[in-house]
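Asks: below are the sequence and a predicted model for it; my questions follow.
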Amino acid sequence: MSRPGTFERHTRETKIRVSLDLDGTGVSDIKTPLPFLSHMLEQIARHGLIDLNIHADGDIEIDGHHTTEDLGIVFGNALREAVGEGLGIRRFGSANLPMDEARANVALDLSGRPFFVWRVPLPQAKVGNWDTELAEVFFEAVARTAKMNLHVTLETGHNMHHCIEICFKAFARALRAAVELDPRQKGTPSTKGSLD
């Protein structure tokens, strides 16, 4: 089985293409001009068991904001396409995961109604050439364009690399649970009959 999604966005600031398959094995081919962001996107593929191909160019000579936000937009749209009407999916997913001293909780609902809560206190700093504040920018763009309700909470942690990475890993595991096909679920998992 395969549930693919593809989306492209070309602006004067970025050129990004994302293709994914929700029924993959976690294989990824990710090329962005921001190595730490590429590493985080690999976490989504590997721990979400999503095959993920990303090719992104952006104006990082200014900073990483445009590239990060547009990647969130493109990823969210590709995800929305792959989920489609959501027939047979579990819809809800959550994960509480540790990484050394850091621990994060992510809960999401592929409801068709975007809402975003970010409780991740991070100082303004850099990991590699990537600003820590861009983690929130990425996830907000994903939630908005994938039309998901997404809550991300960092429960503990002080190493910036660990704090951000565990948020991405927990997101991946929560998403994996939400898109999983439930053999008992007939049709769309909503009393409305639609996830839109």
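Replies: Everything's here; your move. Numbers count the residues shown, from 1 in each chain.
Asks: quick one: residue 7 and residue 71 touch, right?
Replies: No - using CB atoms under 8 Å, residue 7 is not in contact with residue 71; the gap is 10.7 Å. C-betas here are computed from N, CA, C, even on glycine.
Asks: now do the shared contacts for the two.
Replies: Common contact partners of residue 7 and residue 71 (CB atoms under 8 Å, 6 or more residues apart in numbering): residue 18.
Asks: between those two, which one's more packed in?
Replies: Neighbour count, other CB atoms under 10 Å: between residue 7 and residue 71, residue 71 has more, with 29 against 20.
Asks: next, work out how far apart residue 152 and residue 51 are.
Replies: Distance, residue 152 to residue 51, by CB to CB, to the nearest Å: 24 Å.
Asks: more neighbours: these two, which one.
Replies: Between residue 152 and residue 51, residue 152 has the larger neighbour count (other CB under 10 Å), namely 24 against 19.
Asks: which SS state does that one fall under?
Replies: Secondary structure for residue 152, judged by DSSP: H, G, I helix; E, B strand; the rest coil, is strand.
Asks: which elements pack onto the helix or strand harbouring residue 17?
Replies: Residue 17 is located in strand 14-21, with elements delineated by DSSP states H and E. Other elements packing on strand 14-21 under the criterion 3 or more CB pairs under 8 Å, 6 or more residues apart in numbering; DSSP states H and E are strand 4-10, strand 51-58, helix 65-83.
Asks: tabulate the ones you listed (TSV), appending mean pLDDT and distance to residue 176.
Replies: TSV is the format used below for these (pLDDT from 0 to 100; distance: least, CB to CB, whole Å):
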stretch	mean pLDDT	distance to residue 176
strand 4-10	97	15
strand 51-58	96	12
helix 65-83	97	12
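Asks: quick one: contacts for the closest residue to residue 42 other than its chain neighbours?
Replies: The shortest distance from residue 42 to any non-neighbouring residue, by CB to CB, 6 or more residues apart in numbering, is to residue 28 (5.4 Å). Going by CB under 8 Å, 6+ apart, residue 28 touches 41, 42, 45, 46, 51, 52, 53, 54.
Asks: and of those residues, the nearest to residue 139?
Replies: Relative to residue 139, the closest of those is residue 41; by CB to CB it sits at 12.2 Å.
Asks: helix 65-83 and the one helix or strand that closest one maps to, what's the angle between them?
Replies: Element membership of residue 41, judged by DSSP H and E, is helix 35-48. Here the directions of helix 35-48 and helix 65-83 differ by 20 degrees (axes from the mean of the first three to the mean of the last three CA atoms, to 10 degrees).
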